[in-house]
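[1] Pasted the sequence and its predicted model underneath.
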Amino acid sequence: MRLWVCIALLSIVLCASAERPGIFEGIRRGGQFVRDAARGSLDMYRAYRDMREANYRGADKYFHARGNYDAARRGPGGAWAARVIRWPFLLPHSDARENWQSGVSGRGAEDTRLDQEANAWGRSGGDPNRYRPKGLPSKY
């Protein structure tokens, strides 16, 4: 019995050591994905913070597009973060956003649709300045 256990353990060690570069490459790519997702989340937060700071009427679509654009440029992790994180309050995607926006804010389904359009535009690499309103300070 001990002999078979030793053979099994030796086989596992030999197989693992033979594939070590692949394992380390997978770990490296996984770490890069997580890093890109974290940085993409920060890009989304920065756009949200700037939107709140600017407090400029009609600029929300620009900030939606800009946050998604910046996050998606980070790579696969950033693109994932841009798909998962939704406005407002950077909530994970759910019906809570639509319910909040339709019920509490009074902006309605049309505004939600336009926000989603701006999000998709930014994620796909479209220029966020398409949604930039005239008069928005150049700081943003």
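    Received it, and whenever you're ready, just let me know what you need.
[2] what about residue 108, how many residues close to it?
    For residue 108, the count of nearby residues is 11 (other Cβ atoms under 10 Å). Heads up, the C-betas are built off the backbone N, CA and C, glycines and all.
[3] Skipping adjacent residues, who's closest to the residue nearest in space to the middle of the chain in space?
    Central residue of the chain (Cα atoms, centre = their mean): residue 81, 1.7 Å from the mean position. The shortest distance from residue 81 to any non-neighbouring residue, by Cβ to Cβ, 6 or more residues apart in numbering, is to residue 40 (3.5 Å).
[4] so what does the strand or helix carrying that neighbour touch, helix or strand wise?
    Using DSSP states H and E, residue 40 falls within helix 20-54. Here helix 20-54 touches helix 60-72, helix 76-84, going by 3 or more Cβ pairs under 8 Å, 6 or more residues apart in numbering; DSSP states H and E.
[5] hmm, 10 Å instead?
    Judged by 3 or more Cβ pairs under 10 Å, 6 or more residues apart in numbering; DSSP states H and E, the packing partners of helix 20-54 are helix 60-72, helix 76-84, strand 85-86, helix 108-123.
[6] what's the least confident stretch among those?
    Of all the helices and strands packed on helix 20-54, mean pLDDT reaches its minimum on strand 85-86 (a mean of 75).
[7] Please tell me how far residue 62 sits from residue 115.
    Per Cβ to Cβ, to the nearest Å, residue 62 is found 11 Å from residue 115.
[8] Kindly report the same for residue 34.
    Separation of residue 34 from residue 115 (Cβ to Cβ): 27 Å.
[9] Between these two, point out the one with more neighbours.
    residue 115 (22 against 12).
[10] So that one versus residue 37, what's the distance?
    Separation of residue 115 from residue 37 (Cβ to Cβ): 22 Å.
[11] burial count for residue 122?
    By other Cβ under 10 Å, neighbour count at residue 122 equals 29.
[12] I'd say it and residue 78 touch.
    No: counting by Cβ atoms under 10 Å, residue 122 does not reach residue 78; the two are 11.4 Å apart.
[13] who touches both of the two?
    44, 68, 70, 71, 72 (Cβ atoms under 10 Å, 6 or more residues apart in numbering).
[14] quick revisit: who are the neighbours in contact with the residue nearest to residue 81?
    67-68, 70-85.
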